[in-house]
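**Q** Show me how the following folds:
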Amino acid sequence: REKVNPTEIARVLALKEQFESKTFEKMAATPDGLTILAHTRYNLFVLQWNGRTYEKAWEEKITSAPDSVSLAIAPNGRTFVFRNYDGAYVYHWDGKSSGENGQTRRYQRVWDEYFQGKNLTDVAISDEGRTVVIETKDSENGLVLRWDGKIPKEKENRSYQTVDSELARFHNPAVGADGDDVLLSQENQPKTSLLHWDGRGYKEVWSVAGHITKSAMTPDAKTLLLGHGNKVDIYRWDGSLGPEGKRLYSKTGEEKLNGGVWSLALSADGRKFMAATSKGQALSFERDEKNPAVSREAWRKKVGEGASSLGLAPDGRSLLIGTAGEGFGLYAPETAVTLENHKALLLENGREIVSNPLDTVKILRQEQDKSWLKTLQKSRYDFSQAAGAAEKKKILTELSKLIETHDSKIAWESQPQEKLGDFQIAK
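**A** The predicted structure is shown next:
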């Protein structure tokens, strides 16, 4: 197993505990995981990563049943779209914040529209809200909306215009960061198309035949994920163009899952992607750096059925997973052994070095032979009971050798950093 940063593991574990107590029904995350848009039955939240955990950056009271809600947040986290029942709303952050620590963002509703008689379903949005895509159910025509960029007067809505998309009925919308690339799938003529803005409308520049259930796209539209049945196809574009300006995407991989594709997500650079299946599994894949055409499974976890929302956490390893009826949580790779509620009380001449005796020790490398963990626990207990400095120093020396032998690190969540003998106490 590869080495990991001890502070990242500490963050992941703390974040997991934090989210497990939440009751968010729906969520959407930016590709870098720094900003989350989340919904409960009565409120809409924006959560922002502060370097250690997520904190609330904005909140508005909106009462909506979970099954009537769809969310999408732009890649840069400044704009998002929310829909419920037959209405859609766009919110934008002007960059200004308030509050004691400046953590409260000033998101404002810049557009709202009620589509009487249309059954709205999924939504997608580009940076700054330049392009908004709204999927509709069954036989209704979907909507591709384009903002002209003009800032309206106070209390006035942005001016969005419905534009030609060449695809009247579609699902699984995804939009690039600049709003010029839109990925859509069709049911009546099964295919998925990438459309590009030519200044007047969206024209098809690439397509692949087949029934697609879920799809995802990087902000630069250079990597596409298409899920169908129990498979995920990976397409990448190197910038090459064919006749009539068509893009030459290459199928660089295919992953077979244990269950139907339920949801998909991509990292911003396309090197990692996540999938959830109908059998309640969440999986993470990483591109093989030696062979970019190959992806390898990083890890998987049982999360329950109905994982409708996925995102990559800021540590680049852990998954944000939203599960119907159970809220959402952050799931970390199984790379840390945690000795829960284990005392970390070290004394030197009666002085307490670790201020909190209930600090948790985290061993940041997992070995197949766990016998040395018992030795570690015994050494720490012996140290706390040792009578003199000489005896303590002996134990510390043995403990230091034990750590070096197993190429491991131990972290106490405490301040400040101090060194006693050959043993390093680090945050």
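
**Q** which residues of the stretch 1-150 of the chain fall in strands?
**A** 26-29, 35-39, 43-49, 54-61, 69-73, 79-84, 87-98, 104-114, 120-125, 131-136, 143-147 (DSSP state E, counting those that start in this stretch).

**Q** and the second one, which strands flank it?
**A** Sheet partners assigned to strand 35-39 using DSSP bridges are listed as strand 26-29 (antiparallel), strand 43-49 (antiparallel).

**Q** burial of the residue lying closest to N76 once chain neighbours are set aside, as a residue count?
**A** Leaving out its chain neighbours, the residue that sits closest to N76 by Cβ to Cβ, 6 or more residues apart in numbering is D127, at 4.8 Å. C-betas here are computed from N, CA, C, even on glycine. Neighbour count for D127, taken as other Cβ atoms under 10 Å: 18.

**Q** same question, P314
**A** 20.

**Q** Would you agree it is in contact with T35?
**A** No. Using Cβ atoms under 8 Å, P314 is not in contact with T35; the gap is 9.8 Å.

**Q** pLDDT below threshold where in the stretch 251-400 of the chain?
**A** 292-294, 303-306, 323-387, 399-400 (pLDDT under 70).

**Q** Strands of that one, residue ranges please.
**A** 261-266, 272-277, 281-287, 295-302, 307-312, 319-323, 327-331, 337-339, 347-348, 351-352, 361-363.

**Q** So what touches the first one?
**A** By Cβ atoms under 8 Å, 6 or more residues apart in numbering, the surrounding residues in contact with strand 261-266 are 29, 31, 213-218, 223, 225, 227-232, 272-278, 306-312.

**Q** circling back: spell out which residues are contacts of both of P314 and T35.
**A** Contacts common to P314 and T35, judged by Cβ under 8 Å, 6+ apart, are W49.

**Q** give me the number of residues near V205?
**A** 20.

**Q** Going by secondary structure, it is in what exactly?
**A** strand 202-209 (DSSP states H and E).

**Q** Now do that strand: which elements does it pack against?
**A** Where contact means 3 or more Cβ pairs under 8 Å, 6 or more residues apart in numbering; DSSP states H and E, strand 202-209 is packed against strand 191-197, strand 247-256.

**Q** Buried residues, the last one. List them.
**A** Within strand 247-256, the residues that count as buried by 16 or more other Cβ atoms under 10 Å are 247, 249, 252-253, 255.

**Q** That strand pairs with which strands, parallel or anti?
**A** strand 231-241 (antiparallel).

**Q** Check what contacts the partner strand and list those residues.
**A** With Cβ under 8 Å, 6+ apart as the criterion, strand 231-241 contacts 206, 208, 221-227, 247-257, 261, 264, 270, 273, 275, 295.

**Q** Kindly report the same for stretch 145-162.
**A** Contacts of stretch 145-162 (Cβ under 8 Å, 6+ apart): 90, 110-113, 129-134, 143-144, 163, 179, 197.

**Q** ok, now which ones touch R109?
**A** 89-91 are the contacts of R109 under Cβ under 8 Å, 6+ apart.

**Q** just to revisit the earlier point, how about JSON lines for the strands of the stretch 1-150 of the chain, with distance to F285 and mean pLDDT added?
**A** Compiled in JSON lines, the strands of the stretch 1-150 of the chain are given as follows (distance: least, Cβ to Cβ, whole Å; pLDDT from 0 to 100):
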{"stretch": "strand 26-29", "distance to F285": "17", "mean pLDDT": "86"}
{"stretch": "strand 35-39", "distance to F285": "22", "mean pLDDT": "89"}
{"stretch": "strand 43-49", "distance to F285": "23", "mean pLDDT": "88"}
{"stretch": "strand 54-61", "distance to F285": "24", "mean pLDDT": "88"}
{"stretch": "strand 69-73", "distance to F285": "23", "mean pLDDT": "92"}
{"stretch": "strand 79-84", "distance to F285": "27", "mean pLDDT": "94"}
{"stretch": "strand 87-98", "distance to F285": "32", "mean pLDDT": "91"}
{"stretch": "strand 104-114", "distance to F285": "33", "mean pLDDT": "92"}
{"stretch": "strand 120-125", "distance to F285": "22", "mean pLDDT": "92"}
{"stretch": "strand 131-136", "distance to F285": "26", "mean pLDDT": "92"}
{"stretch": "strand 143-147", "distance to F285": "30", "mean pLDDT": "93"}
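
**Q** Of all these, which one comes closest to R169?
**A** strand 131-136 (7.9 Å; Cβ to Cβ).

**Q** Report the angle between that closest one and strand 69-73.
**A** Interaxial angle of strand 131-136 relative to strand 69-73 (axes from the mean of the first three to the mean of the last three Cα atoms, to 10 degrees): 160 degrees.

**Q** so how many other residues sit close to W93?
**A** Neighbours of W93 (other Cβ under 10 Å): 20.

**Q** Am I right that it is in contact with Y107?
**A** Yes. Using Cβ under 8 Å, W93 is in contact with Y107, at 4.9 Å.

**Q** Residues that sit against both of those two, list them.
**A** W58.

**Q** partners of the strand holding V205, with directions?
**A** In the sheet, strand 202-209 lines up with strand 191-197 (antiparallel) (DSSP bridges).

**Q** re the thing from before, from the contacts of R109, pick the one nearest S64.
**A** Nearest to S64 among these, with distances taken as Cβ to Cβ, is Y89, at 10.8 Å.

**Q** Show me what that closest one is bridged to.
**A** Here Y89, judged by DSSP bridges, has bridge partners F82, D112.

**Q** hang on, E59 packs against L44?
**A** Yes. Using Cβ under 8 Å, E59 is in contact with L44, at 7.0 Å.

**Q** Of the strands paired with strand 35-39, which is nearest Q189?
**A** strand 26-29 (28.8 Å).

**Q** Quick one: residues contacting the residue nearest to S126 when sequence neighbours are not counted.
**A** Computed as Cβ to Cβ, 6+ apart, the closest residue to S126 that is not its neighbour in sequence is G179, at 3.3 Å. G179 makes contact with 126-128, 130-131, 146, 197 under the criterion Cβ under 8 Å, 6+ apart.

**Q** Pick the one among these closest to S318.
**A** D127 (24.6 Å).

**Q** Can you lay out the helices and strands packed on strand 202-209 as CSV showing distance to F170?
**A** Formatted as CSV, the helices and strands packed on strand 202-209 follow (distance: least, Cβ to Cβ, whole Å):
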stretch, distance to F170
strand 191-197, 8
strand 247-256, 19
